[in-house]
Structures are given as C-alpha cells and as structure tokens.
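Student: Fold the following.
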Amino acid sequence: MSGQATILVTGVNGQVGFELLRSLQGLGRVIAADRAVLDLADPARLRDIVRELKPAIIVNPAAYTAVDKAETDEAAARAINADAPRVLAEEAARSGATLIHYSTDYVFDGTKAAPYVEGDATNPQNVYGRTKLEGEQAIAAAGCAHLILRTSWVYGRRGKNFLLTMLKLGAERPELRVVADQVGAPTWSRTIAAATTHIVAQGVGSRDADWWRTRSGVYHLTAAGETSWHGFAEAIFGIALPAGAPKVVPIRASEYPVPAARPANSRMSHQKLADTFGLHLPAWDHALRLCLGD
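Tutor: Numbers count the residues shown, from 1 in each chain. This next block holds a predicted model:
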C-alpha cells in the first residue's frame, strides 16, 4: 500500500472506537465517524459516506452491545450487528478496501471444555450472539479483504462495562454476589486497539498488494489467561479498593437470572493471531493493572 491510506473508524465514542482513534494516528488519514456522521442503521447513508470518503481501510468497532436488551430489540440489534457490516463489506469489495470488524465469544455456546479455536462450530445462545454471527457471515460472503477479530469481556474506563459497574457498586455496597461458573478473558479496550494498530501498521507498511487478502479471515483477539466474573471482580477490588473492598460472594449463573443466556466457557485460543501477525497479548490481570493505573 503506497501513499497515505485513509482509515475510516466507526463508533468512535464507544470503548474500542475511542482507543482506536488515538492509536491509529500516524498510520494514515484517520477519519472519525460517530453516530451523527455515520448512522449505521441507515444503509443508504452508510453507502454514500463510504463512497464519498473512499477509505482504504474501514475499522468497524461499532456494535449493538446491550446483550439483554437485544432479546426484545432484535431488529435494532440486527441492523447494527449484521446489516451494517454487510453494507460495509459490500462497499469494501466494490472499492478494493479492507474491512476490520469485531465480533464476540458469544457466537459460541460455551459447552466446549477447551479454549475455542477459529474453526470451531458456532452456536450462539442469544440474540446478540446470533446477530454478531450474521455479521461475520455477511462479511465473508461479500468477498472483500477482511479481518474479523473476535474478542471477549471487553472493559475500559469509558462507556458501560463490568469494570465500571463493579467500581460503582463496590463503593456503595458491603457485599456483592458475582457469577463464578462462567470463565473467559477480560480484555481491555486499549489492548484491542493496540493489537489492531500493530496489524494495520504491518499492512500499511507491506509492499505486497495481496497482503490483506492473503490474511483475510477470523481471528481470536483476547487477553492471555482466564478467570471467572467473580475472579475479575476480586482482581478489580484488589487493585482499586484494597482497603475498603466489599465481600465478593461467588454464585452460580443460575442464581443470577438474566434475559440472555451467556456461555459458560468464553475462552478462545489466540494462537492463530500469534502465528499470523506475531502478536502476543498481555495477561488479563496485567492489563487490568495498567487500566486502573491510567
């Protein structure tokens, strides 16, 4: 790729989009698209913007992520998680651009005993997971050069996420009951953005015209290691509230009913990411310390 690439980033007010907008600086002409500029629920407007800007790379962290609300708001979730990625992929195929898109551990049912690999059978158990899988499938079907980066348990210092919820509740309550029989890898939004930026830097700096296409596909991008939601909560309080941490009581998921089913096993192998791009993400607890020390 020669010259200065135009990189279009969607969802820049979200956890990952906010970090991407900062980490991608220097790799090209980075254009931020928030909802006021780019309404992902408006396919015609979406096509017009992409054709007007002519990006070489489209990075799409925007998503409908209200997992429980999606159970009764399926049309809205599908519009953002499936239809918008399809339009972006079709426009990328039309112009020769590359699409980088983010997906989720929720495309799996969580019944596997070992970490999931990219080729494992998908079987989402909720509307959010189904619409995200539909987005993955639409991108692959469009035929554009693409990277689908599946991540898990995303947190950061912005937006709505488990970390911020725990910090709020931990300051208010002496005891919290937290699910201990669901396991995964909490992944800092900045880690996701940094890993993406390393990949983009490799692609932008490559002299191989087919660099993106020969690496197209699905990759798992999560922090290293694993824990439960209970373990994650205890780690948060151990760092952020060491003197006044609430008691964290482990419970089963069945004791905390929610509208959307969650996988018991959200662990995903990131060996393919390491083999292809040479990336080794930090351990989840190390990244958490960096996040809370920020």
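
Student: Please, where are all the helices along the stretch 151-294 of the chain?
Tutor: Under the criterion DSSP state H, counting those that start in this stretch, the stretch 151-294 of the chain carries helices at the ranges 162-172, 189-205, 211-214, 229-240, 271-277, 284-292.

Student: Mean pLDDT for these - can I get that in JSON lines?
Tutor: Shown next, in JSON lines, are the helices of the stretch 151-294 of the chain (pLDDT from 0 to 100):
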{"stretch": "helix 162-172", "mean pLDDT": "96"}
{"stretch": "helix 189-205", "mean pLDDT": "97"}
{"stretch": "helix 211-214", "mean pLDDT": "97"}
{"stretch": "helix 229-240", "mean pLDDT": "97"}
{"stretch": "helix 271-277", "mean pLDDT": "98"}
{"stretch": "helix 284-292", "mean pLDDT": "98"}
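
Student: Of all those helices, which one comes closest to L99?
Tutor: Of all those, it is helix 211-214 that lies closest to L99, at 9.3 Å by Cβ to Cβ. For the C-beta atoms, the positions are set from N, CA and C on the backbone; glycine is no exception.

Student: which residues sit against that closest one?
Tutor: Helix 211-214 has contacts (Cβ atoms under 8 Å, 6 or more residues apart in numbering) with 1, 98, 145-147, 202-203, 208.

Student: buried ones in it?
Tutor: Residues 211-212 are the ones in helix 211-214 that count as buried (16 or more other Cβ atoms under 10 Å).

Student: With stretch 67-82 instead?
Tutor: By neighbour count with 16+ other Cβ under 10 Å, stretch 67-82 contains the buried residues 67, 70-71, 77-82.

Student: Give me the contact list for it.
Tutor: Applying Cβ under 8 Å, 6+ apart, the external contacts of stretch 67-82 come out as 40-41, 62-64, 66, 106, 126-128, 131-132, 134-135, 138, 258-260, 262.

Student: 10 Å instead?
Tutor: Identification of contacts with stretch 67-82 by Cβ atoms under 10 Å, 6 or more residues apart in numbering yields 11, 39-43, 62-66, 83-84, 103-104, 106, 126-139, 258-262.

Student: okay if I get the buried residues of stretch 67-82 as CSV plus secondary structure and distance to D275?
Tutor: Below are the buried residues of stretch 67-82 laid out as CSV (DSSP: H, G, I helix; E, B strand; the rest coil; distance: Cβ to Cβ, whole Å):
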residue, secondary structure, distance to D275
V67, coil, 31
A70, helix, 33
E71, helix, 37
A77, helix, 33
R78, helix, 33
A79, helix, 35
I80, helix, 31
N81, helix, 28
A82, helix, 29
